[in-house]
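>>> What follows is a protein structure lacking sequence information:
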């Protein structure tokens, strides 16, 4: 195998190990899942112990080929809601929207795969999916940033103004790592 591929695989494994470490996860999970933002690292560690935050299978199988996510957690919020959190580490940003499209594909696949899970009852049991992409060497203007992508309805008519419900079952979070001394938080 080429040295670059082996180095990438090692970095990928290190990132996965870091994101599976409860101490690290407890400090960053609120960035990925805002509903957990006010919970202390000790409470997150307790949630891991109690099985409210557990790693699950990272294999996402599609008709064409399988995709392997870095780390996926099943989360049971203190309020009773359930969610899935996919955390991906990217060394550098690929040109164009490749990374955005890949994030969307992973999130949609995690949404779709829920229909085959034992917890599936109907579409009302659909869990929210967070797909968090940690950019380890982002462009200069993307450093120390958190950008969220959410589904949002827009009104295209003027005569009839229906209520536009929130479609909050999918969120993509891009975190641009930067110099900690320059970060706002």
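Good, I have the coordinates. What you are looking at is a predicted structure, and each value in this text was computed from that prediction instead of being measured.

>>> Please count neighbours and contacts with C-alpha atoms only from this point.
Noted.

>>> Please tell me the pLDDT value assigned to the residue nearest to the spatial centre of the chain.
Nearest to the geometric centre of the chain sits residue 131, at 2.3 Å (CA atoms, centre = their mean). Residue 131 is assigned 94 on the pLDDT scale.

>>> got it, and the one 3 residues further on?
Turning to residue 134, the model gives it a pLDDT of 93.

>>> is it fair to say it lies in a strand?
Yes - under DSSP: H, G, I helix; E, B strand; the rest coil, residue 134 sits within a strand.

>>> Run a quick neighbour tally on it.
Residue neighbour count, defined by other CA atoms under 10 Å, stands at 21 for residue 134.

>>> Okay, and the beta partners of it?
residue 89, residue 175 (DSSP bridges).

>>> follow-up on the earlier one: wasn't the residue nearest to the centre of the chain part of a helix?
No - assessed with three-state DSSP, residue 131 is strand; it does not lie in a helix.

>>> Run through who's touching stretch 122-139.
Outside stretch 122-139, the residues within contact range by CA atoms under 8 Å, 6 or more residues apart in numbering are 32-33, 81-93, 103-104, 106-107, 110-111, 114-115, 119-120, 168-178.

>>> Need the three-state assignment for the residue of the chain most remote from its centre.
The outermost residue of the chain relative to its centre, with distances by CA atoms, centre = their mean, is residue 159 at 38.4 Å. Put simply, residue 159 is coil when judged by three-state DSSP.

>>> From residue 165, how far out is it?
Residue 159 sits 18 Å away from residue 165, going by CA to CA, to the nearest Å.

>>> can you map out the strands along this protein?
With DSSP state E as the criterion, the chain has strands at 53-55, 59-61, 66-68, 71-76, 82-92, 128-137, 145-150, 170-176.

>>> neighbours around residue 128, how many?
Neighbour count of residue 128, defined by other CA under 10 Å: 20.

>>> and the residue nearest to the centre of the chain, how far is that from residue 31?
Distance from residue 131 to residue 31, counting by CA to CA: 12 Å.

>>> From the contacts of stretch 122-139, list the buried ones, please.
By neighbour count, with 16 or more other CA atoms under 10 Å, the contacts of stretch 122-139 hold 32-33, 82-90, 93, 103-104, 106-107, 110-111, 114, 169-178 as buried.

>>> hmm, back to that, tell me how far the residue nearest to the centre of the chain lies from residue 10.
22 Å.
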